[in-house]
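**Student:** Fold the following for me, if possible:
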Amino acid sequence: MVRSYVDKPNCLILAISPANQDIATSDAIKLAREVDPTGDRTFGVLTKLDLMDKGTNAVDVLEGRSYRLQHPWVGVVNRSQADINKSVDMIAARRKEREYFQTSPDYGHLASRMGSEYLAKLLSKQLENAIKARIPSILSLINKTMDELESEMNHLGRPIAVDAGAQLYTILELCRAFDRIFKEHLDGGRPGGERVYGVFDNQLPAALKKLPFDRHLSLQNVRKVVSEADGYQPHLIAPEQGYRRLIDGALGYFKGPAEASVDAVHFILKEIVRKSLNETQELKRFPTLQTEVAAAANEALERFREDGRKTATRLVDMESSYLTVEFFRKLPQEVEKGGNPQASAMDRYTEAHLRRIGSNVSAYVGMVCETLKNSIPKAVVYCQVREAKNSLLNHFYTQVGRKEGKQLAALLDEDPALMERREGCAKRLELYKAARDEIDAVSWARS
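**Tutor:** Next up is the predicted model:
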């Protein structure tokens, strides 16, 4: 057990040995030599000088000739059992000890550095010097620990105020922190926003190319649609109703890619919301508020998706509701056989004529496709991305502003373990601050 203490480099070792025994066999000296080979922190103390046999003394030891230590040996004379029995107090014992050394023919010349009082002063001075030497490292350790605690406190967050106004302010600040990270994802400061462009640059064009226009404008389907549109009276010059039905049917296919683009951007925005919530460290303190913000954000995205879907499909409906007449007026006119406009109605259903109709419709649909390829992304960005950037939590802000103190406090409920951890950090920080102030206040000018 003794070794567990003297092994520590900051421990001063008092190697106490009785003067009436051989120093070479002293267990104290042996242990001190093992744990302190240089002897920097070992002080030799000789006791029972007054009990040595007549004609013998310990001068050789006290003067370092018999066994030399880094620090000088100190001899002491303690109370005897008789003194203890007579209740001799320590003051009288110290006086008796001084008298012993001052009047001793053997130790009189060493009296100034003998005795318990001298030993106490020697050890105090040594302890003071040791503390002085270690003050810079102690202060450095304290400051480092305080910085770590401060960092942990910042990570855990400061305690929440109790008044409703401060709680509302805290909630709004936490929401703004989330909103700021969400916008960084969209604007390129963080990853995620580029996926929206990927929908417009890759997914939408690919979906448009896969539309079944070849089947819709096949010779068989064109003949079928044109014939059904003519009814019991074949068209005279151009099958306008057939054209319109073919175009209307083809344009209807665009609704699928338009709605798919809306949904794809919606899911990207939801994923960005999830990432932003996880990256908003401040919100992690308050699970209830985090859940409420997530619900409010997703609810807003659902509204934006509905607006985006309506707008995108409306663009398709607009193209169907009013065709661009100039496109057809610029098409080359079909020359009738023999230049006779009264040719047989059956000629209107020839394969060449039907192929020309399919080709004209395909060209018109291609023109509309290029238009929608540009306008659908604009509608999606305007209705979904732009609104998410500008007003993702606006409805939530309105609801929070109407809440009372207890409702606000419920949003700011913390994990009890986290609160306990913060309280422990705060107490430790105060202790370290007090220790640093104490050390700074101590004057080490005394010699």
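
**Student:** Where does the prediction get shaky in the stretch 1-150 of the chain?
**Tutor:** Scanning the stretch 1-150 of the chain for pLDDT under 70 picks out no residues.

**Student:** Tell me where it has helices.
**Tutor:** Per DSSP state H, counting those that start in this stretch, the stretch 1-150 of the chain carries helices over the ranges 2-6, 27-35, 59-62, 81-85, 90-103, 116-156.

**Student:** Which one, of those helices, ends up nearest to residue 376?
**Tutor:** Nearest to residue 376 among the helices of the stretch 1-150 of the chain is helix 116-156 (44.4 Å), distances taken as Cβ to Cβ. Heads up, the C-betas are built off the backbone N, CA and C, glycines and all.

**Student:** can you pull the buried residues of stretch 266-281?
**Tutor:** 266, 268-270, 272-273, 275-277, 279-280 (16 or more other Cβ atoms under 10 Å).

**Student:** And stretch 384-398, by the same measure?
**Tutor:** 384-385, 387-388, 392-393, 396.

**Student:** In a markdown table: the buried residues of stretch 266-281, plus pLDDT and distance to residue 115.
**Tutor:** Compiled in a markdown table, the buried residues of stretch 266-281 are given as follows (pLDDT from 0 to 100; distance: Cβ to Cβ, whole Å):
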| residue | pLDDT | distance to residue 115 |
| --- | --- | --- |
| 266 | 97 | 90 |
| 268 | 96 | 86 |
| 269 | 97 | 85 |
| 270 | 96 | 84 |
| 272 | 96 | 81 |
| 273 | 96 | 80 |
| 275 | 96 | 76 |
| 276 | 95 | 75 |
| 277 | 95 | 74 |
| 279 | 94 | 70 |
| 280 | 93 | 70 |
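
**Student:** And the residues you listed, which is closest to residue 376?
**Tutor:** For the buried residues of stretch 266-281, the nearest to residue 376 is residue 266 (13.9 Å; Cβ to Cβ).

**Student:** what about that closest one, helix or strand, and which?
**Tutor:** helix 255-279 (DSSP states H and E).

**Student:** Can you give the distance from that helix to the centre of its chain?
**Tutor:** Centroid displacement of helix 255-279 relative to its chain, using Cα atoms, centre = their mean, to the nearest Å, is 24 Å.

**Student:** same thing with stretch 366-378?
**Tutor:** Distance, centroid of stretch 366-378 to centroid of chain: 42 Å (Cα atoms, centre = their mean).

**Student:** now swap in stretch 200-218 and tell me
**Tutor:** 44 Å.

**Student:** Can you tell me what sits against that stretch?
**Tutor:** 221, 246, 249-250, 253-254, 256-257, 260-261, 264, 358, 361-362, 365, 369, 372-373, 376-377, 380 (Cβ atoms under 8 Å, 6 or more residues apart in numbering).

**Student:** May I see the buried residues of that stretch?
**Tutor:** So stretch 200-218, judged by 16+ other Cβ under 10 Å, has buried residues 200, 203-204, 207-208, 211, 213, 216-217.

**Student:** possible to save the residues you listed as JSON lines with secondary structure, distance to residue 159 and pLDDT?
**Tutor:** Shown next, in JSON lines, are those (DSSP: H, G, I helix; E, B strand; the rest coil; distance: Cβ to Cβ, whole Å; pLDDT from 0 to 100):
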{"residue": "200", "secondary structure": "helix", "distance to residue 159": "47", "pLDDT": "95"}
{"residue": "203", "secondary structure": "helix", "distance to residue 159": "48", "pLDDT": "95"}
{"residue": "204", "secondary structure": "helix", "distance to residue 159": "50", "pLDDT": "96"}
{"residue": "207", "secondary structure": "helix", "distance to residue 159": "53", "pLDDT": "95"}
{"residue": "208", "secondary structure": "helix", "distance to residue 159": "57", "pLDDT": "94"}
{"residue": "211", "secondary structure": "coil", "distance to residue 159": "60", "pLDDT": "94"}
{"residue": "213", "secondary structure": "helix", "distance to residue 159": "65", "pLDDT": "91"}
{"residue": "216", "secondary structure": "helix", "distance to residue 159": "67", "pLDDT": "91"}
{"residue": "217", "secondary structure": "coil", "distance to residue 159": "71", "pLDDT": "91"}
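
**Student:** Same list, the helices of the stretch 1-150 of the chain, but as a markdown table with distance to residue 298 please.
**Tutor:** Putting these into a markdown table (distance: least, Cβ to Cβ, whole Å) gives the following:
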| stretch | distance to residue 298 |
| --- | --- |
| helix 2-6 | 61 |
| helix 27-35 | 67 |
| helix 59-62 | 86 |
| helix 81-85 | 84 |
| helix 90-103 | 80 |
| helix 116-156 | 27 |
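
**Student:** Mean neighbour count and distance to residue 52 for the ones you listed - can I get that in JSON lines?
**Tutor:** Formatted as JSON lines, the helices of the stretch 1-150 of the chain follow (neighbours: other Cβ atoms under 10 Å; distance: least, Cβ to Cβ, whole Å):
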{"stretch": "helix 2-6", "mean neighbour count": "11", "distance to residue 52": "26"}
{"stretch": "helix 27-35", "mean neighbour count": "16", "distance to residue 52": "18"}
{"stretch": "helix 59-62", "mean neighbour count": "17", "distance to residue 52": "11"}
{"stretch": "helix 81-85", "mean neighbour count": "10", "distance to residue 52": "17"}
{"stretch": "helix 90-103", "mean neighbour count": "15", "distance to residue 52": "12"}
{"stretch": "helix 116-156", "mean neighbour count": "13", "distance to residue 52": "18"}
